[in-house]
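Asker: okay, here's the prediction I keep looking at, along with the sequence it came from:
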There are 4 protein chains.
Amino acid sequence: MESWKRKLRMGMVGGGQGAFMGGVHRLVAALDNEVELVAGAFSRDPENTRKTGEELYLDPSRCYGDYEEMARAEARLPDGERIDFVSIVTPNSMHFPVAKTFLQAGFHVACDKPMTYSADEARELVELVETTGRVFALTHNYTGNPLVREARRMFTAGEMGSVRKVMVEYLQDFLMYPHEKEGMKQAVWRTDPAQSGAGGALGDIGSHAVNLLEYITGEKIVELCADTSTFLPDRVLDEDANILVRLSGGGKGTVAISQVATGEENALRIKAYASDGAIVWDQEHPNHMGVYRYGRPKETWSRNASYVSDISSSISRVPSGHPEGYLEAFANVYDGFIEAVRRHLDGSPMARDEYVFPDVHDGLRGMLFIERAVESAKAGATWVPLE
Amino acid sequence: MESWKRKLRMGMVGGGQGAFMGGVHRLVAALDNEVELVAGAFSRDPENTRKTGEELYLDPSRCYGDYEEMARAEARLPDGERIDFVSIVTPNSMHFPVAKTFLQAGFHVACDKPMTYSADEARELVELVETTGRVFALTHNYTGNPLVREARRMFTAGEMGSVRKVMVEYLQDFLMYPHEKEGMKQAVWRTDPAQSGAGGALGDIGSHAVNLLEYITGEKIVELCADTSTFLPDRVLDEDANILVRLSGGGKGTVAISQVATGEENALRIKAYASDGAIVWDQEHPNHMGVYRYGRPKETWSRNASYVSDISSSISRVPSGHPEGYLEAFANVYDGFIEAVRRHLDGSPMARDEYVFPDVHDGLRGMLFIERAVESAKAGATWVPLE
Amino acid sequence: MESWKRKLRMGMVGGGQGAFMGGVHRLVAALDNEVELVAGAFSRDPENTRKTGEELYLDPSRCYGDYEEMARAEARLPDGERIDFVSIVTPNSMHFPVAKTFLQAGFHVACDKPMTYSADEARELVELVETTGRVFALTHNYTGNPLVREARRMFTAGEMGSVRKVMVEYLQDFLMYPHEKEGMKQAVWRTDPAQSGAGGALGDIGSHAVNLLEYITGEKIVELCADTSTFLPDRVLDEDANILVRLSGGGKGTVAISQVATGEENALRIKAYASDGAIVWDQEHPNHMGVYRYGRPKETWSRNASYVSDISSSISRVPSGHPEGYLEAFANVYDGFIEAVRRHLDGSPMARDEYVFPDVHDGLRGMLFIERAVESAKAGATWVPLE
Amino acid sequence: MESWKRKLRMGMVGGGQGAFMGGVHRLVAALDNEVELVAGAFSRDPENTRKTGEELYLDPSRCYGDYEEMARAEARLPDGERIDFVSIVTPNSMHFPVAKTFLQAGFHVACDKPMTYSADEARELVELVETTGRVFALTHNYTGNPLVREARRMFTAGEMGSVRKVMVEYLQDFLMYPHEKEGMKQAVWRTDPAQSGAGGALGDIGSHAVNLLEYITGEKIVELCADTSTFLPDRVLDEDANILVRLSGGGKGTVAISQVATGEENALRIKAYASDGAIVWDQEHPNHMGVYRYGRPKETWSRNASYVSDISSSISRVPSGHPEGYLEAFANVYDGFIEAVRRHLDGSPMARDEYVFPDVHDGLRGMLFIERAVESAKAGATWVPLE
């Protein structure tokens, strides 16, 4: 049967009770009624996996003890039952082994960010994706915002001219307080290099920031100079970073990251100034985008208004003036992935440049960014090339 | 089996291809993975119903020719298969007959607004709901916004003192252009009294505005004075209204409604000033709410921040700083309804005052508002009691 | 000597120590270095007048015991010394006798609002101004905002089409607390009908609101329906009003006024929707104005930007991006008045339609508004014609 | 006569017809009626000086041919006539010689920024001010904003804890277009190193940005790393800079400067995050300031509201809700200077730490910033110490 005539079957690794991102991936993958979750290895704790499966109304026989068992068992199921893809929502350090296992077992993969624990793993993953020919999406969810796509269109279609200055900031105050000392899970792994990798805030939110910069402007960061700080006692990973970047097209910019920015919640903001125009976007107010032209009143573009292109209106679910948010944007990343998986299943796989979602190559750039920024910071904030 | 151990089964009347609200109801009812759509009478056109069902991956045998057939057939199905409730998303004029049919067939009902075609129908529906004892939800979706619930809590818990002035506006420019002359469906029925009822903008958006006013403040509108306008040629229904209202607790207010307010998209905004505090909320920016106290800096409350009550954080899906929107709020209305349906199915039905969602009585108030406002306007904008 | 070769000489009645508006008028009249204050009768208390004069570096011989003495004495001074005009900044109830005295003595007059104590006085003042042929400015200061002038230009030049809906609100919380019981001067006279006239908030801020509505749109209010409230015990004047208005061109609107709107400071805001465009302006953020067109992104116009007309850029003192405020706008009203006075002094008086500032006729409309609104409210909020 | 019993007498160098800043200084120095302009050397062109004097209603005998003549002649005038201070509003390159001349002639000096042409001149000026004992104010006008003073109070009083991250941006698009090729004066000197000094945007607006950072937080920049760009052909000075800074107290930050940021007007914005709080302020919206505390709703402080300290309410002219702007803030800098001059004239000169205005030492830091930033940029954006 042609894949478009049925829902896709999704499996999940990670996302048991107590985790946050698993629930988000389940909700957004299913948002447009094109996917049903049918299997999972939600936790190393079998009891957690059992309960999670029950809450999700799953068949207990497809709630697996671990991800390897799941990959093997699913691979053995007949065509009309077997999962079509797996979503990986484990802690960072497990992304690579899980992705590798499922790719090698022939499954498509949607993976949370940052992609791997190290750039070396990321390079190996690039190879694996190319060898296996499976679809791999990295869920940088902010790229799914319709106005982010509209901005990207403006820049890549040449409407904005050449990029001169880009300012990205991603500010939170989540780590202002030593929650990890009280055992709060989200804080524990984020402040533990063994689980997070080399970067603290750099990995957790910095990777989003640079991905957004490159996604919107179409520019590549070629060099960076990163100055990081750790303010709270007993912490070893960076909590805060100020970074200068130089772009492939000659523009320059700043990337400011913090998880100790008092009062900020999830302030991912980008301002991109180019020779023929500028855009300003703030993910906390994602339904509007400032569009500036020299000598003209500032314009506020509204998601899905009559004047936006099909690129962004086609991924809007409700009319302009009816706000969409984090989940809808996230779902748009999945929708792109789902379409690519269907195309693969039906024998006409997409070329990489048809992907609207970040993929394994973007994931590698994210890992390079983290490692290079840490390297720069350790050397006293010197300039280092990204690649 | 206890209803909490399975997804509820939903049926739908209306919402075929070309309609808008049907898709919204389907999406939001299923958002939290507690509901599955299993049956529908989506259109009077059987071909439309068939295609809609196919797109939704439904069993063709449960895609019915009309709502009466559907009610009969579903009622005959065994317990483990039969729908638990029906969602009504037809044009306004069909709400009443459909609701009546399903209530009498023993089903719970979620119905789009305005509730009926006339206040008389609304009164009959109140009786039907009371007689049948079924759960009836009127999907005034804006009541599902977490910060709307938080505001309601502030007012009803007495934190704001006595209400003095409430200003509600609901402004759109959707009808600035005579789209109905070009056959645009949304405009055609909204400008046709036979389909819309006595009110134009009054019914379409005014009913939301007054519901929000009463929902948040806990006050009832006791009297109103409505001045309406129709600007475009060949239109008969009101496009715009300016209304004075007097509230049960002695406060007063304005309700301004327009579908010809150039440049406005879906600007539903409320400012409620009371003796001990005030709130300001704008549905186009629903994740933040202004909270004012005399002699203090204005505060901006953020949905699901640490300082909001459980009433609003319990219905937030993602952390503060991660925007939610129209669909999530709508889903919260459904979630309240779903909980009430489960409680009914499991033999411990909720009392009406446990409902967090607007019900048949609110729907009657909405219909009274429309009829009284039209009556006031026809008399030259005189004062009329709401009840 | 041609008047343009010297500063104009200003006298002042009212504005002694402890008063607020006197200082504002002195500052703004002199802002552009075209006026010098040379004489005053600042208070009924001679000691206050003496001290005020001393603080202002005035010649003690021109600090008069009362306004009648001042008018007589100044009229007797020779041409090169005598004041050119007087500014009246007394409590409302004194505006009329002082204005009458100075007009009859041959002086031009700038007068604070509301113009008189009653509409009858206002009618008499219209006659006096016409008989004496002197320049009379009513200092509705908000009309001096460059973007208000720009908006007025848009409407009166026909760029916006026909006005459909205007919403004006003027909200403060100044009278939330019974300051008058503790003797606070500003609150005492505002809550005392003997000093304020028939209107409380209606007179104090309502007159600004309706003036702004008429000034920007070029429409006249023909009918109104006003519902007023008084919440605090022992108060007799209105603290709050909700008003429906009908305009000369067929549009309609709301005017919401309050001095008990918790948390609001000086929130004078106007939204004017017309068939070809709309403007949104907020005096608390006066350097920007929303300009909306159907089917286009919302624009934010910036005071004195390259795209605004000479009408507003010519009265801006600093470039766009450099905020101006209340005082600069107020000074623009004076500048218009000063120019009219110079034209009169030099023998080529302006026609009334050359005035950019509100004059005695606008003042009469303001007084009619107050009286009619009070009349409407007393009758239970019925419709009354303005004239 | 005690100086408080008369207006101070002001002289001006620069500020002839065609110049912009001269008019601003004249207006703001006189805003509070404590200063009168009595003398000037407005231009090298005597005809310009004559006309400027005439427009300003000055005595022609005190409109001098050049600043040296002016200093000599004024010094010879008797006590009751001679100017008390001079304001210097020439192009940057003339600031030093003029200041030196007037200081040596015994006059107090208010000087526009940046203070000198080079850091060497700045060092010499520090000595001159110390030797002569005169009052010297550097008119970094943004320091006169009441909420900037309030923020400074919060930081220096210890209410915010230790500074962790400061982000300052000063963005304009003034130089997006090669206005200098069409002879526009403001663009010509700004793009000419002979007139501007080593820095382009760094000197013109960067000096404001770093002054604001240090003024508000009380921190000193100890090291910086500056990456500059010049995009337009035939330009040699920087148009844009991205700078990392390290602060004396261990915090870090970014300073982003541009005069080619499409669509930006005069966007000087600061966000300062410290261990116990944060402030966010934008000079284009100067009447409000964000104040954030961990775990609390964001607050918006309003200039001159009841809850701000006397430090900021004492320099507000109008109540909260009545916007003040650029000129009022600038006048506050002058008012501080005027008070210091009066104290000096009356024999009780202020200690430097009583100054609320930037002085010669701040001016030196500004010049060091410019030179060090240029030096860093030339070396490829390496770290350099500020001092």
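Answerer: In hand now; what should we look at? Numbers count the residues shown, from 1 in each chain, chains lettered A, B, ... in the order given.
Asker: pick out the residue closest to the middle of chain A.
Answerer: A:His140 (1.7 Å; C-alpha atoms, centre = their mean).
Asker: can you give me the pLDDT of that residue?
Answerer: Looking at A:His140, its pLDDT is 97.
Asker: residue contacts, it?
Answerer: When contacts are counted by C-beta atoms under 8 Å, 6 or more residues apart in numbering or on different chains, A:His140 touches A:113, A:207-208, A:211-212, A:215, A:333, A:357-358, A:362, A:366. Just so you know, the C-beta spots here come from the backbone N, C-alpha and C atoms, and that holds for glycine as well.
Asker: can you list the low-confidence ranges for the stretch 1-150 of chain A?
Answerer: A:1 (pLDDT under 70).
Asker: all helices for it, in order.
Answerer: Here the stretch 1-150 of chain A has its helices, by DSSP state H, counting those that start in this stretch, at A:21-29, A:46-55, A:67-76, A:92-104, A:119-132, A:146-156.
Asker: I'd like those as JSON lines, with distance to chain C and mean neighbour count appended.
Answerer: JSON lines is the format used below for the helices of the stretch 1-150 of chain A (distance: least, C-beta to the nearest C-beta, whole Å; neighbours: other C-beta atoms under 10 Å in any protein chain shown):
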{"stretch": "helix A:21-29", "distance to chain C": "28", "mean neighbour count": "22"}
{"stretch": "helix A:46-55", "distance to chain C": "43", "mean neighbour count": "17"}
{"stretch": "helix A:67-76", "distance to chain C": "47", "mean neighbour count": "18"}
{"stretch": "helix A:92-104", "distance to chain C": "40", "mean neighbour count": "21"}
{"stretch": "helix A:119-132", "distance to chain C": "40", "mean neighbour count": "17"}
{"stretch": "helix A:146-156", "distance to chain C": "11", "mean neighbour count": "22"}
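Asker: as a markdown table, those with distance to chain D would be great.
Answerer: Converted to a markdown table, those look like this (distance: least, C-beta to the nearest C-beta, whole Å):
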| stretch | distance to chain D |
| --- | --- |
| helix A:21-29 | 23 |
| helix A:46-55 | 30 |
| helix A:67-76 | 37 |
| helix A:92-104 | 25 |
| helix A:119-132 | 24 |
| helix A:146-156 | 12 |
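Asker: nearest to chain B, of those?
Answerer: With C-beta to the nearest C-beta, the closest approach to chain B among the helices of the stretch 1-150 of chain A belongs to helix A:21-29: 6.8 Å.
Asker: which neighbouring elements make contact with the closest one?
Answerer: strand A:8-13, strand A:35-41, strand A:85-88, helix A:326-345 (3 or more C-beta pairs under 8 Å, 6 or more residues apart in numbering or on different chains; DSSP states H and E).
Asker: out of those, nearest to chain D?
Answerer: Using C-beta to the nearest C-beta, the helices and strands packed on helix A:21-29 put helix A:326-345 closest to chain D, at 19.2 Å.
Asker: touching chain B at all, the closest one?
Answerer: Yes: interface with chain B: helix A:326-345 contributes A:326-328 (C-beta under 8 Å from any C-beta of the partner chain).
Asker: mind listing the helices for the stretch 201-350 of chain A?
Answerer: A:201, A:207-217, A:310-313, A:326-345.
Asker: who in chain A is up against chain B?
Answerer: Going by C-beta under 8 Å from any C-beta, the residues of chain A near chain B are A:6-7, A:23-24, A:26-27, A:30-33, A:56-57, A:172, A:264-267, A:283-287, A:302, A:305, A:317-328.
Asker: if any of those are buried, put those into a ChimeraX selection.
Answerer: Per 16 or more other C-beta atoms under 10 Å in any protein chain shown, the buried members of those correspond to this ChimeraX selection:
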select /A:7,23,24,26,27,30,31,32,33,56,172,264,265,266,267,283,284,285,286,287,302,305,317,318,319,320,321,322,323,324,325,326,327,328
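Asker: in stretch A:227-244, what counts as buried?
Answerer: Applying 16+ other C-beta under 10 Å to stretch A:227-244 flags A:227-231, A:235, A:237-244 as buried.
Asker: which ones among these are found in strands?
Answerer: A:227-229, A:240-244 (DSSP state E).
Asker: just give the closest residue to A:Pro60, not the sequence neighbours.
Answerer: In this structure, A:Pro60 finds its nearest non-sequential neighbour in A:Gly53, 6.1 Å apart by C-beta to C-beta, 6 or more residues apart in numbering or on different chains.
Asker: do the same with A:Gly380
Answerer: Ranked by C-beta to C-beta, 6+ apart and with sequence neighbours excluded, the top spatial neighbour of A:Gly380 is D:Trp383, at 7.1 Å.
Asker: OK, now which residue of the stretch 51-200 of chain A is nearest to chain B?
Answerer: A:Tyr57 (5.7 Å).
Asker: got a list of what the residue lying closest to that residue once chain neighbours are set aside touches?
Answerer: Nearest non-adjacent residue to A:Tyr57, counting by C-beta to C-beta, 6+ apart: B:Lys7, 5.7 Å away. Residues in contact with B:Lys7 (C-beta under 8 Å, 6+ apart) are A:57, B:33-36.
Asker: next: A:Glu239.
Answerer: A:175, A:200-201, A:229-232, A:258-260.
Asker: the nearest residue to A:Ala272 once chain neighbours are set aside bridge partners, please.
Answerer: Excluding the flanking residues, the one nearest A:Ala272 by C-beta to C-beta, 6+ apart is A:Val166, at 4.7 Å. Under DSSP bridges, the beta-bridge partners of A:Val166 are A:Gly253, A:Ala272.
Asker: thought A:Val166 was touching A:Gly249?
Answerer: No: using C-beta atoms under 8 Å as the test, A:Val166 is too far from A:Gly249 to be in contact (10.5 Å).
Asker: residues shared between the contacts of the two?
Answerer: By C-beta under 8 Å, 6+ apart, the residues touching both A:Val166 and A:Gly249 are A:Glu219.
Asker: out of those two, which sits in the busier spot?
Answerer: A:Val166 (27 against 14; other C-beta atoms under 10 Å in any protein chain shown).
Asker: Throw the helices of the stretch 1-150 of chain A into JSON lines and include distance to C:Ala73, thanks.
Answerer: Formatted as JSON lines, those follow (distance: least, C-beta to C-beta, whole Å):
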{"stretch": "helix A:21-29", "distance to C:Ala73": "81"}
{"stretch": "helix A:46-55", "distance to C:Ala73": "91"}
{"stretch": "helix A:67-76", "distance to C:Ala73": "99"}
{"stretch": "helix A:92-104", "distance to C:Ala73": "87"}
{"stretch": "helix A:119-132", "distance to C:Ala73": "89"}
{"stretch": "helix A:146-156", "distance to C:Ala73": "68"}
